[in-house]
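In: Pasting the sequence and the predicted coordinates here, then a few questions.
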Amino acid sequence: MLLSLPVEILDHLLLYLPLASLLSLSSSSKSLLDLVRTSRRLWLTQLARWRLALPGDHDIPTLSFRGFEIFKRRYQIIQRCERYITELSFTHLPFLLVDIDHQSGMVRECLSDSTTRHLVTLHLTRLVYTERKNEFTDLTRVHYARHLLAAISQAHILTTLDQNRNVFEGSLAVSQWLGTCSLDPPTPEPYPVGEGVAALAESARALLTPESTIEDVLTAINTAMFTKEQFRGETDNYYNVENNQIDKVFLSKSGIPITLSIIYHEVARRLGVHLQLTNFPRHFLLGFRATSGDTMYVDAFHKGAIYTRARCLQLCPMAPINDNEAYFAEATAWEVLARLLRNAINFSHGRRGFSFMYNLYKLLHRIQPEFASRDSLTQVALKLGVRCPFLGPLSSDIEKEIEEERERQKRRFTVKDVKPSHVTFNIGQVMLHRRYNYTCVIRGWDETCQESAEWQLQMGVGSLRLQDNQPFYYVLADNDSNRYAAQENLVPCRGEVSHSHLGKYFDLFDGERFVPNSALRSIYRYLQ
């Protein structure tokens, strides 16, 4: 009876069936199998329903006869991605840093196929920026999705950008990578920068005529960017690392010379005007050949002001700059990206954790090794206990220290089958530190203090009532630090804790406590 219906009606009815019913139906007859496999509208609907759709799917000519195969392949890719995220939660649990190798299966797969990369990136972005807004977010899944997204972004930057690449695309990739590896909770969804630049270009284009000179083009850009959209140079919070991120600059409409110049440069490019990226000391500029034949410079930080070469040398009166031809040479895309990363390192020093700094040094070292301090990167690696094969051979002493630190980290995750009665508090319990007044969540414990005598002396353990002969707890503090606290210093409290590593140990917060994830339960087996 079903086959007696007109094909158009049958095709429409198929849109409302779940996937399992579709597969079952298609196995009942060859006619239905052919209809299911060749329905373009059906598989466009299924791709959207399962969040497997990509921009441009409507233009795929083979979707009419390969819809099921395309759906199946994408579904399998996402399943592999999800399995990889689960693997990460177990393999990286003991270590301070989640350092995903660019040669690992999922990253390598994304680099070898653009469709896979777009699909996985879209899936991970949705997890990181959408799923985390839900009340019962899968914290572990989001945590490792973000790390994987950062690894794919970094690998893509390194493998696809070259010195002739569009600097705007490169800086946008770096900006989005900075956002994913910073782990700052919560983070808004990235601003659609491409749309923003296109709108600026069209706004400026409306002010031009076929007879417009380059000066007219610059005036039009200034009107669109600084008068209409009110972009400005950031002066109140200049050294915020987000001023190096193009998407953040578009949101705030304020930035530093280099980010405002990159946006300005891209708007000019879309209007058919080439501006020279100029890596001027302390103040990024854009050079151009004026109608007079002279080379002039645009200062995007000061609303598109135009300077002579002599005026540029006076931009920093407190630190005079000598006239040097190298200061006015055209910068490559790599040099601009390296400057963005150096800024991020300088702006983050003392404000961000070692993991964030390691990622910055690592990418800078791969883009421009001569500007990445090998000593600084080595010191960060020692703190984190992370191997750095891209640095080449290290001294035997440093290699030994890194391995010792890795062993120390592993020892903090020895398997515990039972919880002794004198260990009063529970994993996932929210606590308040009596002495230092920070809120924290317990992620592990030792029956007695396991830190060195030197550490105990420094932290005043000997002045405690029970000294080191009491349970000590590994806690995640609300200032994003990791602490080791004595039982007598902790008291239960209510409320949630914000920490960038919550997802490493917990699945969710149920309103009263954090629920340990399967990786942590594999260490504290009595929680199973």
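Out: Sure, I can see it.

In: alpha carbons only for contacts and neighbour counts from here, please
Out: Will do.

In: Now do the contacts for the residue nearest in space to the middle of the chain.
Out: The centre of the chain sits closest to T180, judged by Cα atoms, centre = their mean, with a distance of 1.1 Å. T180 makes contact with R146, H147, L149, A150 under the criterion Cα atoms under 8 Å, 6 or more residues apart in numbering.

In: Can you tell me the number of residues neighbouring E202?
Out: 15 (other Cα atoms under 10 Å).

In: Against G194, how distant is it?
Out: 12 Å (Cα to Cα, to the nearest Å).

In: L260 too?
Out: Distance from L260 to G194, by Cα to Cα: 15 Å.

In: which of these two has more neighbours?
Out: A direct count of neighbours by other Cα under 10 Å for L260 and G194 places L260 higher, at 30 against 13.

In: Give me the residues contacting the helix or strand where the more buried one lies.
Out: Taking DSSP states H and E as the criterion, L260 maps to helix 257-270. Residues from elsewhere that reach helix 257-270, judged by Cα under 8 Å, 6+ apart: 167-168, 171, 197-198, 200-201, 217-218, 221, 233, 243-246, 249, 254, 274-275, 277, 283-286, 299-301, 340.

In: How about stretch 421-438?
Out: Taking Cα under 8 Å, 6+ apart as the rule, stretch 421-438 contacts 439-444, 447, 471, 477-479, 487, 489-497, 506, 512-516.

In: for it, what is the average pLDDT?
Out: Mean pLDDT, stretch 421-438: 96.

In: then that stretch to PDB, C-alphas only?
Out: Only the C-alpha atoms of stretch 421-438 are listed here, as PDB (Å, rounded to 0.1, in the frame of the first residue of the first chain):
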ATOM      1  CA  SER A 421      37.200   6.400  57.500                       C
ATOM      2  CA  HIS A 422      39.500   9.200  58.700                       C
ATOM      3  CA  VAL A 423      39.300  10.700  55.200                       C
ATOM      4  CA  THR A 424      36.300  12.800  56.000                       C
ATOM      5  CA  PHE A 425      35.500  14.700  52.800                       C
ATOM      6  CA  ASN A 426      34.400  13.400  49.400                       C
ATOM      7  CA  ILE A 427      35.600  13.900  45.900                       C
ATOM      8  CA  GLY A 428      33.500  16.400  44.200                       C
ATOM      9  CA  GLN A 429      32.600  18.200  47.400                       C
ATOM     10  CA  VAL A 430      32.700  22.000  47.400                       C
ATOM     11  CA  MET A 431      34.800  23.300  50.300                       C
ATOM     12  CA  LEU A 432      36.000  26.600  51.900                       C
ATOM     13  CA  HIS A 433      39.600  27.000  53.000                       C
ATOM     14  CA  ARG A 434      39.500  28.300  56.600                       C
ATOM     15  CA  ARG A 435      42.700  30.200  56.400                       C
ATOM     16  CA  TYR A 436      42.900  31.600  52.900                       C
ATOM     17  CA  ASN A 437      39.200  31.900  52.300                       C
ATOM     18  CA  TYR A 438      39.100  30.400  48.800                       C
END
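
In: buried ones in that stretch?
Out: V423, F425, N426, I427, G428, Q429, V430, M431, L432, H433 (16 or more other Cα atoms under 10 Å).

In: Repeat that for stretch 352-366.
Out: F354, S355, F356, M357, Y358, N359, L360, Y361, K362, L363, L364, H365.

In: before we move on, what about stretch 66-86?
Out: So for stretch 66-86, counting by 16+ other Cα under 10 Å, buried means 66-68, 71, 74-75, 77-78, 81-82, 84-86.

In: farthest-separated two in these?
Out: For the buried residues of stretch 66-86, the farthest-apart pair by Cα to Cα is R66 and T86; their separation is 30.7 Å.

In: what's E325 in contact with, if anything?
Out: So E325 contacts nothing (Cα under 8 Å, 6+ apart).

In: need the strands for this protein, in chain order.
Out: 232-233, 254-255, 276-278, 285-289, 295-299, 305-307, 430-433, 439-446, 472-477, 482-486, 490-492, 506-509, 514-516 (DSSP state E).

In: still on that earlier bit, please pick the buried ones from the contacts of helix 257-270.
Out: Judged by 16+ other Cα under 10 Å, buried ones among those: 167-168, 171, 197, 200-201, 217-218, 221, 233, 243-246, 249, 254, 274-275, 277, 283-286, 299-301, 340.

In: among the residues you listed, which are in helices?
Out: Members of the buried ones among the contacts of helix 257-270 lying in helices (criterion: DSSP state H): V167, F168, S171, V197, L200, A201, V217, L218, I221, I246, V249, L340.

In: Can you say which two of those are spatially most distant?
Out: Among these, V217 and L340 lie farthest apart (Cα to Cα), at 26.7 Å.

In: What part of this structure, helix or strand, is modelled with the least confidence?
Out: Within the chain, no helix or strand scores below helix 7-14, which has a mean of 68 by mean pLDDT, DSSP states H and E.

In: So the spatially closest residue to E404 that is not a sequence neighbour versus H102, what's the distance?
Out: Once flanking residues are discounted, E404 sits nearest to G385: 7.8 Å by Cα to Cα, 6 or more residues apart in numbering. Separation of G385 from H102 (Cα to Cα): 19 Å.

In: next one: E69
Out: Counting by Cα to Cα - E69 and H102 are separated by 28 Å.

In: Tell me where the stretch 401-528 of the chain has helices.
Out: For the stretch 401-528 of the chain, applying DSSP state H, counting those that start in this stretch gives helices covering 453-459, 502-505, 518-521.

In: buried ones in the first one?
Out: Within helix 453-459, the residues that qualify as buried by neighbour count (16+ other Cα under 10 Å) are Q456.

In: contact partners of it?
Out: Contacts for helix 453-459 (Cα under 8 Å, 6+ apart): G462.
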